[in-house]
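> Fold the stuff below for me.
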Amino acid sequence: MKKLTPAEEIAAFMTRLYDNSMTTTSGGNLSVMDDNGTLWISPSGVDKAHLRADDIMSVDKNGNIKGKHKPSTEYPFHLAIYKARPDIKAVLHAHPSALVAYSLARKVPNTMIIPEVAKRCGKVMVAKYAIPGSALLGSYIAEKFTAGADTVILENHGVVLGSENMQNTYEMFEMLDFCARIEANAKTLCANMRTLTKEQLDIKYPVYTDSLVSDNDDSHLRHELVEFSARCYGHRLFTASQGAFICRTEGGSVLATPENRDRAVLKDSDIVRVKGNKCEHEKTPSVFTDIANKIFGSHNDIKCIVVARSPEAMAFAVSDAVFDSHLIPEGYICLKNTVRHPYGTIQNTPQRIVDSISMKSPIAIIENDCIIVAGTSPLNAYDRLEVMEFGALSIKYTIAMGTPIIKISDDDIKDIEITFGL
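All right, here's what the predicted structure looks like:
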């Protein structure tokens, strides 16, 4: 794949921020510091939905500004971050709703409620309020980065993150935003939330030997996994770095989405074939491949597993709130029953998940970890995940209204099962 120039990279990721409703037409700014010490930064006053590479501004080491617009008014704090932390080469600042809520409360999201967030986002700190674009704001932010923060919540403003490249910075941002949404959703549902310990976050997954070759007969299924991964990403069910599809093939192997590949831009060739403890050369399958393989081994009718940390459904996984599919007929027909397991079940007692999941109970909520969805195809599994996310959102809205949730009665459930042959 062709390496993007700093200007191309900023334009591409700003478009992505906007398309994912994580910034507004006029809000947010991105920058990259190149090897020559030149700052490349998004412009001020230009529609963020339609940025092109020639819209991006540059500021060299001597302060000379080049480009057809004005650089972002926030560029002083970008410069302050790079000066404070020479290891940082990309900075992202935006105002997504959930993280703005934390900036209004002047609190940091709890990054210990689901795996990977604390590790990827690093230390999260809060910087004092100052006028946007001011040197004072730059000094407040730089102070936090100097103190070891990689992510800083700005009081009454938004969030700023920095790392070694824009891809990683963007993935950090998405992960933190999902975490913030999950926590806020959970607190709407229920007062009691669980927080993981550092020891619990130290998860070990199976390692595969890379000695398999690609199977040309599975090309259609590879393409399906790419398409549904992109669809999950587009509908905010996956982040760029989290979420997986794993499907069995006719030949007895499985196909899995890879680790460490951006879900939004996966290619068919990125999908990993796995058989036993072997996988395709120089590829790493999803960490959830092993549990999917165990499920396939005991359930012939399950053909596909999708694993997600979608923000509405995961609110039930990190809290004591109970997800109930007895909400609307279509929801029950699709989801049937759900099962729930404590954190660590995937690693320590996977057979419990294997024994509990089925086409009559196709959803497994793993506390503080993930949602596992079983299906007969990628479309069927995706549909169930999407319906669960919609149902979880409906429950949250009902609670926010301050009214009790009136479920479908047991007799009505029996009628649905008889009518639809469930």
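
> Any regions of the stretch 1-150 of the chain where pLDDT drops low?
Confidence mapping of the stretch 1-150 of the chain against pLDDT under 70 gives the ranges 1.

> That one: strands as residue ranges?
Along the stretch 1-150 of the chain, counting by DSSP state E, counting those that start in this stretch, strands occupy 29-33, 39-41, 43-44, 57-59, 65-66, 70-71, 90-94, 123-127, 149-154.

> okay, these in TSV with mean neighbour count and distance to Arg340 next?
In short, each C-beta sits where N, CA and C put it, glycine included. Formatted as TSV, the strands of the stretch 1-150 of the chain follow (neighbours: other C-beta atoms under 10 Å; distance: least, C-beta to C-beta, whole Å):
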stretch	mean neighbour count	distance to Arg340
strand 29-33	27	40
strand 39-41	25	46
strand 43-44	18	49
strand 57-59	21	51
strand 65-66	13	56
strand 70-71	18	50
strand 90-94	26	34
strand 123-127	20	29
strand 149-154	26	31
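
> who's in contact with the residue lying closest to Pro96 once chain neighbours are set aside?
Computed as C-beta to C-beta, 6 or more residues apart in numbering, the closest residue to Pro96 that is not its neighbour in sequence is Met22, at 4.4 Å. Met22 makes contacts with Gly28, Ala94, Pro96, Phe173, Glu174, Asp177, as judged by C-beta atoms under 8 Å, 6 or more residues apart in numbering.

> Of those, which is the nearest to Gly234?
Glu174 (12.8 Å; C-beta to C-beta).

> Double-check that that closest one belongs to a helix.
Yes. Judged by DSSP: H, G, I helix; E, B strand; the rest coil, Glu174 forms part of a helix.

> which ones are touching it?
The contact partners of Glu174, by C-beta under 8 Å, 6+ apart, come to Asn20, Met22, Thr239, Ala240, Ser241.

> Centre-most residue in this structure?
Residue closest to the mean C-alpha point of the chain, counted by C-alpha atoms, centre = their mean, is Thr239 at 2.6 Å.

> Hmm, Cys232 and that residue touching each other?
No. Using C-beta atoms under 8 Å, Thr239 makes no contact with Cys232, being 9.6 Å away.

> shared neighbours of the two, anything?
Arg263.

> Could you list the domains of this protein?
The record assigns the chain these domain ranges, following automatic domain parsing: 6-189, 203-420.

> could those go into a markdown table alongside distance to Thr195?
Formatted as a markdown table, these follow (distance: least, C-beta to C-beta, whole Å):
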| stretch | distance to Thr195 |
| --- | --- |
| domain 6-189 | 5 |
| domain 203-420 | 8 |
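
> Out of these, which gets nearest to Thr197?
domain 6-189 (7.7 Å).

> How far does the closest one sit from its chain's centre?
17 Å (C-alpha atoms, centre = their mean, to the nearest Å).

> That domain: end-to-end distance?
For domain 6-189, the first-to-last residue distance is 42 Å (C-alpha to C-alpha, to the nearest Å).

> What of stretch 285-302?
19 Å.

> For that stretch, give me every contacting residue.
For stretch 285-302, the external contacting residues (C-beta under 8 Å, 6+ apart) are 203, 205-206, 208, 244, 246, 248, 254, 256-259, 272, 274, 279, 303, 305, 307, 346, 350-351, 353-355, 357-359, 370, 372, 374-376.
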